[in-house]
Structure formats: structure tokens, C-alpha cells
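S.K.: Sequence and predicted structure, then a few things I'm wondering about:
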4 protein chains.
Amino acid sequence: MTLLEEYLQIRKYSEQICEPLQTEDYVVQPVVDVSPPKWHLGHTTWFFETFILKPFSANYQVYNDDYNFVFNSYYETVGNRVIRTDRGNLSRPSVNEIYQYRAYVDEAMTIFLNTPLKDEVTELLVLGFNHEQQHQELLLTDIKYILGNNPLFPVYTKDKKEILASENESGLIDISAGIYEIGYEGTGFSFDNELNKHKVYLHDFAISKTLVSNAEFLEFIKAGGYENFNYWHSEGWDWVKSNGITSPMYWHLIDEEWFNYTLDGLLPIDPNAPVSHVSYYEAYAYASWSGMRLPTEFEWEVAAKSFNWGERWEWTESAYLPYPGFSKAPGAIGEYNGKFMVNQKVLRGASIATPQNHSRITYRNFFHPHLRWQYTGIRLVK
Amino acid sequence: MTLLEEYLQIRKYSEQICEPLQTEDYVVQPVVDVSPPKWHLGHTTWFFETFILKPFSANYQVYNDDYNFVFNSYYETVGNRVIRTDRGNLSRPSVNEIYQYRAYVDEAMTIFLNTPLKDEVTELLVLGFNHEQQHQELLLTDIKYILGNNPLFPVYTKDKKEILASENESGLIDISAGIYEIGYEGTGFSFDNELNKHKVYLHDFAISKTLVSNAEFLEFIKAGGYENFNYWHSEGWDWVKSNGITSPMYWHLIDEEWFNYTLDGLLPIDPNAPVSHVSYYEAYAYASWSGMRLPTEFEWEVAAKSFNWGERWEWTESAYLPYPGFSKAPGAIGEYNGKFMVNQKVLRGASIATPQNHSRITYRNFFHPHLRWQYTGIRLVK
Amino acid sequence: MTLLEEYLQIRKYSEQICEPLQTEDYVVQPVVDVSPPKWHLGHTTWFFETFILKPFSANYQVYNDDYNFVFNSYYETVGNRVIRTDRGNLSRPSVNEIYQYRAYVDEAMTIFLNTPLKDEVTELLVLGFNHEQQHQELLLTDIKYILGNNPLFPVYTKDKKEILASENESGLIDISAGIYEIGYEGTGFSFDNELNKHKVYLHDFAISKTLVSNAEFLEFIKAGGYENFNYWHSEGWDWVKSNGITSPMYWHLIDEEWFNYTLDGLLPIDPNAPVSHVSYYEAYAYASWSGMRLPTEFEWEVAAKSFNWGERWEWTESAYLPYPGFSKAPGAIGEYNGKFMVNQKVLRGASIATPQNHSRITYRNFFHPHLRWQYTGIRLVK
Amino acid sequence: MTLLEEYLQIRKYSEQICEPLQTEDYVVQPVVDVSPPKWHLGHTTWFFETFILKPFSANYQVYNDDYNFVFNSYYETVGNRVIRTDRGNLSRPSVNEIYQYRAYVDEAMTIFLNTPLKDEVTELLVLGFNHEQQHQELLLTDIKYILGNNPLFPVYTKDKKEILASENESGLIDISAGIYEIGYEGTGFSFDNELNKHKVYLHDFAISKTLVSNAEFLEFIKAGGYENFNYWHSEGWDWVKSNGITSPMYWHLIDEEWFNYTLDGLLPIDPNAPVSHVSYYEAYAYASWSGMRLPTEFEWEVAAKSFNWGERWEWTESAYLPYPGFSKAPGAIGEYNGKFMVNQKVLRGASIATPQNHSRITYRNFFHPHLRWQYTGIRLVK
């Protein structure tokens, strides 16, 4: 596949994710962490325009100067005019205008990618691919949030299943103590936070082959797990109390039966499916209650060769920190990952929202410990 | 005009206000006081469905049971499911669905209004007319807010002018001390807060024939009015400081020249137009600076026979309080006005957003003193 | 009594109020509206130093330059140093130092008041007397708050009774419609907000001779008054819900019996005593429930000649607004009252915390509608 | 030294720290992280009463039942009475009463410690010693906060120096890659979070022998370090902007010269002293600007044998997480450390506020990254 083909395929996939939407669904931002779908479509386009076309494509005409502060989101000042640009407050540019913007940039990119590229440009281009794929993941989970918090519980599509494969094998995998190598090494793409490959000493541990299921998590609820502070971090307990949390996100108890909102609408809980949409606090509390613990991201990376993963992002006990020898790239691209390395937890694996070819065993995702709108799950360790 | 004709005319006007909008404009709620246009369209329809069709029209089939908590906004609970239904977070029902809902209710109302009506129903019907007209006023000012706080400053329409008539006469009108009658009396419609007609003693005063103009307000800005706490209430000064207020809403200083956003787009300030989009705090501070004061609502009502009004809502010094003998209607309708009678200021007159036939000299509007998204203006008294 | 004798008597009374305190009680500020007793003692002293001694007493040496920003509370900047000076965060100056400051200023005042005084000074002096008396009222209610919100419920003193006299007469007083004169006129002291004497038209009304009692208020509680939003303003209802209000301030339900904290410690509710420590919202809700209403401040002033008052400040329906012809004094003294004339409610009467000679029938006190730490009560009107 | 002698010595030291205070200084709580000195004195006493005397000393009479919820701080409910017990709002129990409480418990402990002790009790006793020593550290830094945020800048004492020793040696120490042992092992006391001793793989690094000095930190300020977001975490930058941070805590720029508040009063910055009272965010930004980085807690523990430490707590890059095999003790004591293991950063070393015999090379302190009232410093690594 040429870079142009890859570009067009990735760009098309973002639009495919939005196909089931009505225009109104593109616009809203129900909480600060969830962006309007039209913003994702515009922002990923702005990325290629700003970092590739403007600096490297001679004679490129910027589509609309004002889009810089709409889709950049760092700039809130226009000349002397200061305007609040919270993403969910902006009805314009309209969805149609954003699709026109995408078409305009895609056309310019098509011409540009048919010319010889400098290495530096190729590198930025591949970063742009991965950037758009990251937003595809958010796009789907943001759409789920927008529809799943609507009291009409609209169906996204009957075709997107939240459970991909049944997990047959149960039991634990034993890993022996010793020095292991962690991090990315190779010629393919990786984010800067996966570098460099380095040694880590691990102690003996045994890790579960399967994720915690809805049925297992229901046991925790029934055992009063949400009412007993002993299982929780002090901060987690505050979060439970001040938000009135009594179950994973999207769960609703209706006439004594548990339902959950899925892309397929409001459905009874599937007991065999992996539990999902739990915060790190809940994952930790569940582990405490069960007498086990969460893996570190290093344990996960070493063991993951031996079990299936990829349906749920898995919370780890590890804080999101730089690897030995980590250094930021110079310039705006350097802001990519390093500046978030405080007060967040690492997730490993991938989820059903992850685009194909966008996961690998060294991939490090990260979120604040209270967030739950991603397809987050729980794997235990002893 | 029959009640049916009046009904259809009013219902049509709500939709005419929305004609210049794109679908996305119907959805957003940039601040809590501004509702999405689609919510206004649904809520006014729900009012007729809930208070007329359901109780009085035999065999009426409710359009959609779930709409009760979407458009009522008082109910946030569905069975055991609790969902946040902030208006601006709801992409569904879609704009199309709401127009279908309107058509369905309008058809049922058309049939119903061709049957003989009890007095009680006629009364509720007329309340429903006035209720929808109140929302028409909000609809236009909410649309202005939605577009005017977008950094692209989209034009609403070239046809809706914010200045209706030039005001030729200047000078003061003298009114003599004495007992005057205040409040509504007659056979037409009025809100409960305009009742009953009652006596008030007024002292001598002189009231300006014209509203304060943009040019006059600019003098206040240039004289440092926003930097001198002596002109302000203590609370007003806190509001200025904590919100960084330096001019009326929608004003922008660009390259040393003042512009303001209008329904017609971003335009230079018209010096002769009445100043608009000021809070009560600003109106009071301007009056203090000028050595005059704001009228009470009683002074305004007595004097208003002698000057032109109707372009800008006019802030008064009066707090919004019940008239002697005020009593709430029983039932849900009784919630209409009385429960807001604390911590709000009375506005008198009407504005260019007010529908025809929806203003009268006894009409009492009311808002919290910091709000400015209505077409509020300033008239002075000595 | 000479002005000097009056000065010394008033100054001494502030210190007498503090006699039962321990040093620690002088220091804390449990909520923003309650000031530490030592701050009151310092601030009232600073008033005489700043407005009398510094401008008018030749050769007066300021006690401590830094006290200006400690006791003024408007200044938070010292040179380039910016320090947070929330009153309850300041352990220094110590209580002893403040008593020394008082003694120093009192000595200088004694010398100064033995010299002939200009009229302008006499006027400021009398304002200073009334200013310190206002703070005496706050001093006692702030002390009650500090002790009454301590889980040990310490006794202030056995000697200060919260109920002064039994009220024998019940029933209503009828007042006929007509023009009445309102406001202060005379040669004694009054605040600027009581001026000028002016005409008001009142309609027929009947006002209760007595205040609502604890027993009567308990009926409201038992009837579910705190659970039924129909009795409340919309804002009042929000206040009830978000603060979990279920009774007047200082009330505690212990083993099914109601107690309240008094200056005399935690005691069973006295059913015959007037209910106290209610917000305006509660006063309004009680009146709604009872089928009556609160008086306006004008009705109160006209009727008060005919009933006993002075134990509880009485909430009125009137917003705190300027009288006709009100004008601010020039300079800092002009800030005294006018700048608070928005979003507050008028209280009339006086309370057991009011110093002798500091009440009159035209006196206008004012507080935000949610506040309850004053001895506020309820009188009803039909 | 017997356990009794050790007990008495530690108990006495808490009171010695408070000797320079005035009564008022014991009472205030200017920010949530700072407790009133009298609370520390009571809480540490309550610890011995609750965990030793009540369960193990026959016939012990509790001093005052109400003290449980005053000094425990977890209980805010008394019977049916719910009272806000924010520590800084409580004027009672008075300072004298708390000293009497201490004397009462010390007397009971003296009798009890002269009896034979079970191992379980000895363990709790030693935990109580270390608990009180931890509070001694907080006591001194809380006192500094209380006095240092008072605009009068009172002196604590001339005898307590914030700089203990000049640091002569500069330069870097090189450590080679390899497996190292981390954590406590031995028969003395350690906290549960220091256990167990375990292996960690470290890469080559070089660590500075000295802490960053005030002079060096001033260079960062002068170079615009607080204005350039490139040096900061995203969260750190938000913290800088929303709090208006422009220097370490206690620094004041007066007439172009930098001063800082010390226990000895407001003094010019000592350029050779180690910079102190910086947040983790500032430590990280300084390191970024300097082209170096902060050590991990493991690097620190390995290298600390080779340099002097103990004057300033040193921020590390490590998040506060459990060591391999960490497990909570059963019961209330088990809450001690584990429940804080999220969103905090590890500090290593000790500070001038640390009591003698209360530091060791495996000690792990931890705070949220924005806090700066401890004597925190910066050591760099390459």
C-alpha cells in the first residue's frame, strides 16, 4: 500500500465511523472530555494542513484562516476579539462545511503525496496517520457517550458489536522473576512514549488469561463493594461518594434487572462479556476485594504474548511516566506526549474502538483515574 | 381572527424565526440561560400537548411518552434510570423529529379547536399563546447569542433590523406627584404578575424621552466608568472584576474601533442607536455616572404614555415583587410567575425580539441583574 | 451624657460582650459572613483612628501602619507583596495586642474629645458610635455562630437570655388604606438609607400582633413544609435542596426531640418563644403555607406603633432599595449603605443582640435572603 | 533508652515546637492542607488513647467522649446532630484543655508503660512514636505557613535555622547500570510502604551532589521560566496560570529585591541556600529548563549513600506506588499508607523539620504535585 493509499484509507475510515450519525449528533459536547464528532473531523484535517501542507506544499492556499483557532483549540484570541470557543458551543462551521474542508485538504494532499517526499515529511505524515487513528478511537467512544447519555437511548448501529470473540481459556499464566526488555524497537512507527527499549527487573507473578466478566463484577456489586471504603483509595472513595457511583458507566437497574447501553441500544447485561467502562478506581477496588491486584504495565507487556487482548483497554497499576532516556521532539510535535506525564494511569492493550493496525504490545495509552468512557477493563495478577 | 387562526399564526411564527438557521444552530447551549432553538420548538409544543390535548381532547394519543422529560426539563428520572438531560447535551430528538412533533400536535389542535371550548380551556389556550410568544422572544435572543459567540460571526439574516425607528424627540417629561393607578385591568390577556390594578403614590420626577445611545455610553467607557467602583453596586463591581467586563455584550474593540455583533453580522457601532445588551449593574453605573437614576417600574408605567418605547427592554430600579393582592393560580399553572419573585429586577417596555401584540404598558419582564443577552437598554430619570 | 461619656460607654460595651470568651474564640471565622471577634474589636477602633484621629487630631501618631490593611479589609496589597488576609487566617495581631490598640486609641480620643469639636467631626463621631453599635450586634451573633457550630456546644453565658418578654396579646391589627409617611425626620441620628421622609400609598391590611412561635413553626415542619416546593421561591427551593435544610439554624433533632443551641447552651425548643434564625426563604415559605404573607417594610413601619417589637429582626417582603431622593454622602463615608442596594431584603425591628438606643421605627437592616445567623423572625400579614 | 523514656521525649518535643507560639497561633487553618497546631497536639494524643489505652489498659477512663470526633476528623456526626467540624473553625477545646488532655494521657501511659507489654502493643507503640514524629514535621511547617502568610510576618524564633550546613562538594556522582536492592530490611521500625526489600534494574545515571540553590533558581526566573509553557507539564502550566505563580512560596519581590519569609522573619534571599518550597511542577520545570531531569526514587536510594541529604525533602520523578508484595495491615492501622497510593509523588530524604531519628534512606514521603509548604528541594540527574 502506498502512503497515498494509506492516507486515503485512514481518512475514509473517520467518515465511515460517522455514517450512522444524524447532523445533530456531530455537534454536542456533554462533558469536557468528550469532543463533538465534527470537531474530530475538523481537527484531524487541520493537523495535515498545518504540519504538512502549509510548511511543505508550495503554493498551498489555506482553506479558511479562522479554522486555526476553531480546530486548534489552543488559541482563543482573534486580533483584539476574545471569544469563548468551547467545542460544544460552536454550531459553525457546519457539518457540511467541515466535510468540504476535508475534501479540499484531501485533494491537496493527494497532489502533494504524488510528489517525492523528504524523510522529515514522511515521518510527520505517519504521525498524522496515527494521530487520526487515535482520534478514531475517541470518535467512537465520544459517539457512544453522546447517544448513551440521551434518555431516548438511540441505537448507533446494529453492525458494530462490542464483543468480538468469546474467551475460552481461563486460568493464570506464571512468569518468572528476572530482567525483561520493555519498550519499542524497530523500524515501524511508535509514539515517543514507547521509546527506548530498556531493561526492567520483574518479580515472580501470575496473570489471568481472561478479563474480569460482567458476572464477576456483579458479584462485587452484590457484596457491597461500592459501600465499603476498605477496598478503595482515599481519592477513589471521595469520587464514589461525591458522584453517587454504584455501577460501571452505562449500567441501569430497571425493575431489578441490570441493563447497559451499547452501540446496539439498551440491552440486558451479558454475563460472559468482559466488564467495561470502569474507572481505575473501580478496577483497583475490584482487585482489592478479590484478593488480587492489577498488573504493572511491565508485567502486562511481558505476559501479553501469552494471552489474547485487544477488546478492552486494560488498567494497569503503573503511573504514566517517561521511560529511561525519554526526550521530547523539538517544536510543537514535541508537545505530543511528555507534557501529560503526571497524575495519569497507563492502560495497555487496545479496544474494539481501536482501528486496525493501530495496536501493538508496547503501546501506552493513559487517562486520569476517574475516567470511564473508554472501553476499559480489568485483568488481575497475583 | 378565530382562536384557531391565532393559534396557527403564532405557531408558524416560531418556525419562521428559525428559517435562517442551519441544523447545527438548533442544538447548542453555550451558557445555561440560553436554550437550544430546538428545545424552544419542542417545549412550546409540549405545553399545548400537556395542558390542553391530554386533559381535554378525548382519545388524544401522546406523541412520544419520553418527550415529557426531554421538554419538561423538571424531570430527570426515567423509571430507575437517572440521566443528565442538560438541554445542550441532547442531540436527539433531532430537528426533523421535533418538526414532526409540532405538525402532529398542530393537527390535533386544529381538530380540537374546531370543537366547542369550555371557558377554562380558552383561558389555558390564550396562556399557551402568550407562553409561546415569550419563547419567541427568547428564541431570537438565544439565536443571537449562539451566532454572536461563534468566532466566525455568522450572519443570521440581512432582513431583521435591530433598529426600528429613529427617535427624534429629546428632552425630559415632567410628572407631578400624586396617587396613580398601576397594573392591568380589562378583558384581554395579562399575566398574573400584572394584577391587580392598584394605587401607588409617586413623587415628582422627570423622565427622558429617549434611551441612552451608543455614543453616550461610549462617553462613560472613555471616562473610565468600568474602572471606578464609585459608580457601581458592591455586587456589580465584583461582577465587573471577576468577569473582566469592559463594554456591553457583543462589543469588540478591533484596531481601536468599536464593533458590535448584530443579527446582520459584525458591524461598526452605530452611535445614534440605543445602547443595548447591558446588565442592570451597567445601567445603574451609567446612571450614577451621569448624575441621574433609573426609573421605578411605577414611574415608567405612568410616564410611558408620553414617549415611544418598544425597541429595548428598559431596566428599572424596581425589584420584581408581587402586587398587592397577588395570588397564585392553583396547580402547575400557578408556578408561572410567583416563584421567581426574589433577587430579580423588573424590565419594562418590549424589544425588537418581542412578537407583535405581545407588549403592553403594564407588562412586567424580569431578569437577574447580571444578564445581558436580551435587548436591554437604559432610560434615565431625575 | 457628654459625647466623651457616650464614646467610653459604647467602647466599653464591645469589650463586655467579649468577657465570657476564651482567647481562642476571638480568632476563628467558620463562614465568610461571620467575622472573628478580635477583628470586630480592631476594625471599630480603626474606624475612629482613620476617620477622626488621623484627619482631625493634630500630632496623632498612628498606632501601627500595618493595621490599616488588617482591619480595613479592602487592601490586600503591601508594597509589592500580595498576601491573603482572610480574617479567620490571621492569628496576629493577638487579642492582647488588639486590646492595647483599643486602649491607645481610647486614650487619644479622650484627649481629643476634651477639645472643642467642629460640627463635621461631631457628625463623624456619632456615625462612629452607630458603626460600633452595628458591630456589637454582629459581634454577639458571630460569637453565637462560633460556639453554636462547635460540637462541644459551649455555653456563652447563663446571664444573656434570648427571650426577653412574654408576648401576651395575640390577634391582628387592622390598618386602613391611604397615604402614609415613611422614613426618618428629626434631629437625632439616622443612617442615610432612612432618609428622606416621604409618602407611600398603602392598601388595607391586617398584621399580627405577635411573631410566629417555635410551636407554630414546628407545625410547618411536621406538615412537610421543607419537602413541598409549592411553598417556596424557585431560588429558595434550590437553597433547601443543595444545603439539605430541614429546620431553622441551630436546631437539632436528638432522639426524636427538638433542641436548639442558645447562648445558654443546647436546650429543648421553647414552644412559646418566637422562632428565630430562619432565612427569608423560610419566612416566605412559612407564610405561603399559612395562607398569609410577609409585610412590606412600609406596612411594618406604619403598624409598628401598635405592637411590641425588638426581640427579633423581622423579614419583610421589601427589597432593599433607595428611598425617593436618596443620595450618597461624598467620600468613603458615602460607601456606607447605597452600594448594597441590590439583591437584599429589608429587615425591620431590632433583636436581643441590638444595643440599647440603637433601634428606631425607621431603621432598615438588610441581608441576603439565605442568611440566618441573625436573630431573624416572622410576622404575618393578611 | 526505655520505651517510656522514648515516649516522654517524643511527647515533650511536640510541646517544645509550640513554645514560641501565642495562643492565637494554635487555632487557625489558613488552607485545607495546614492543620491548627492545637489539632496536631490533640490528634497525636488521641492516637495513643484510642489504639493503646482503650484496648489494652484495663480500667482506663476516656478523657472526654466528644474528643473522638474532634480529633479523629473522620466522624462528623454526633448522634443525630451533624456539625461541620473543619479544624480551623473550632475554638474549643481550648489550648489549655488540650494540654490538660495531653497530661492526662501521658500520666496514664506512664503507668501503663511500667507494666509488661505484649509484642502487639510494642508494635503499636512504636507506630505511635513515628506517627507523632510525622506530625512534628507537619507541625513546624504548618506553623511556618500560619506565620508566613500573616501580613505582619511575625518571627517564630531566632534559634531555629533553616540552613544547617554549607554544602562544599559539587559535581556529579556516576552510578552504573545493574540490579539494585530497594526498600527496608531489618529489625528497626519502618512504615509498611518501605517494605519489602526487592530488586530493581537501573540504567546508567549521574546525580548531582548538591541541591539546586536559590541563586540557580533565580536564573530560571530571570530566564522567563514561569512564562514558557514548554518547560511545564500541561497540568503544571494550568496550575501556574490559575494561581498566578511567579516564584517559590514565601518569596516576595520588594523594591526589586527578593526576600523570603523564614522562621527567623522576612529576610533577603540567601543565594547559597538550597531553593525550597517549590512544587513538583516547579521542580520538573526547572529540571527541563536546565537540560537535566529529576531522579527516580530508586536512583535516589541507591545514590544517597554517596552524598549529604536531610535538609530538604527532594522531589522525585516517581509516582507513589506499592512495592512488590505490599500488603495492608488488617484493621484501622491498615489505612495508614496504602489508600494514598494514587496521584501523588514520592519525596526522598528529610528536612530541617524532620525530628532526629526519624529519617532513613528507605523512607518514602509523598505529596500531591502542587503542594509547597514542606521544605521541598530539587536534586538533578543526567
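M.R.: Cool, the structure landed. Numbering: from 1, shown residues only, chains lettered A, B, ... in the order given.

S.K.: How about stretch A:306-321, which residues are buried there?
M.R.: Within stretch A:306-321, the residues that count as buried by 16 or more other CB atoms under 10 Å in any protein chain shown are A:307, A:309, A:311-321. From N, CA and C alone the C-beta is placed, and that goes for glycine too.

S.K.: swap in stretch A:14-31?
M.R.: Quick answer for stretch A:14-31 (16+ other CB under 10 Å): A:14, A:17-18, A:20-30.

S.K.: one step back: can you add pLDDT, distance to residue D:262 and secondary structure and give the buried residues of stretch A:306-321 back as CSV?
M.R.: Listed next are these as CSV, based on pLDDT from 0 to 100; distance: CB to CB, whole Å; DSSP: H, G, I helix; E, B strand; the rest coil:
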residue, pLDDT, distance to residue D:262, secondary structure
A:307, 95, 57, coil
A:309, 95, 55, coil
A:311, 92, 58, coil
A:312, 96, 53, coil
A:313, 96, 49, strand
A:314, 98, 49, strand
A:315, 98, 44, strand
A:316, 98, 43, strand
A:317, 98, 40, strand
A:318, 98, 39, strand
A:319, 98, 34, strand
A:320, 97, 37, coil
A:321, 97, 34, coil
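
S.K.: Show me which pair in those is furthest apart.
M.R.: Within the buried residues of stretch A:306-321, A:311 and A:321 form the most distant pair, 26.3 Å apart (CB to CB).

S.K.: show me what contacts residue A:285?
M.R.: By CB atoms under 8 Å, 6 or more residues apart in numbering or on different chains, the contact list for residue A:285 reads A:220, A:225, A:226, A:231, A:232, A:236.

S.K.: Return the member of the buried residues of stretch A:14-31 nearest to residue A:350.
M.R.: residue A:17 (16.0 Å).

S.K.: The closest residue to the closest one other than its chain neighbours: which element?
M.R.: Among residues not flanking residue A:17 along the chain, residue A:139 sits closest, at 5.2 Å (CB to CB, 6 or more residues apart in numbering or on different chains). Taking DSSP states H and E as the definition, one finds residue A:139 inside helix A:119-148.

S.K.: Give the buried residues for that helix.
M.R.: Neighbour counts over helix A:119-148 (16+ other CB under 10 Å) mark A:121, A:124-125, A:127-148 as buried.

S.K.: just to revisit the earlier point, cross-check the contact I'm expecting between the residue nearest to residue A:17 and residue A:13.
M.R.: No: judged on CB atoms under 8 Å, residue A:139 makes no contact with residue A:13 at a distance of 9.7 Å.

S.K.: Confirm residue A:207 sits in a strand?
M.R.: Yes: note on residue A:207: a strand contains this position according to DSSP: H, G, I helix; E, B strand; the rest coil.

S.K.: and it, what does it touch?
M.R.: Residue A:207 neighbours (CB under 8 Å, 6+ apart): A:172, A:173, A:175, A:295, A:299, A:300, A:303, A:307, A:379, A:380, A:381, A:382.

S.K.: Just list whatever residues bridge to it.
M.R.: Note on residue A:207: beta-bridge partners by DSSP bridges are residue A:173, residue A:381.

S.K.: now the strands for the stretch 101-250 of chain A?
M.R.: With strands called from DSSP state E, counting those that start in this stretch, the stretch 101-250 of chain A shows them at A:172-175, A:178-182, A:198-202, A:205-208.

S.K.: Make CSV out of these and add mean pLDDT and distance to residue B:116.
M.R.: CSV is the format used below for the strands of the stretch 101-250 of chain A (pLDDT from 0 to 100; distance: least, CB to CB, whole Å):
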stretch, mean pLDDT, distance to residue B:116
strand A:172-175, 98, 79
strand A:178-182, 98, 83
strand A:198-202, 98, 85
strand A:205-208, 98, 74
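
S.K.: I'm done for today, thanks for sticking with me.
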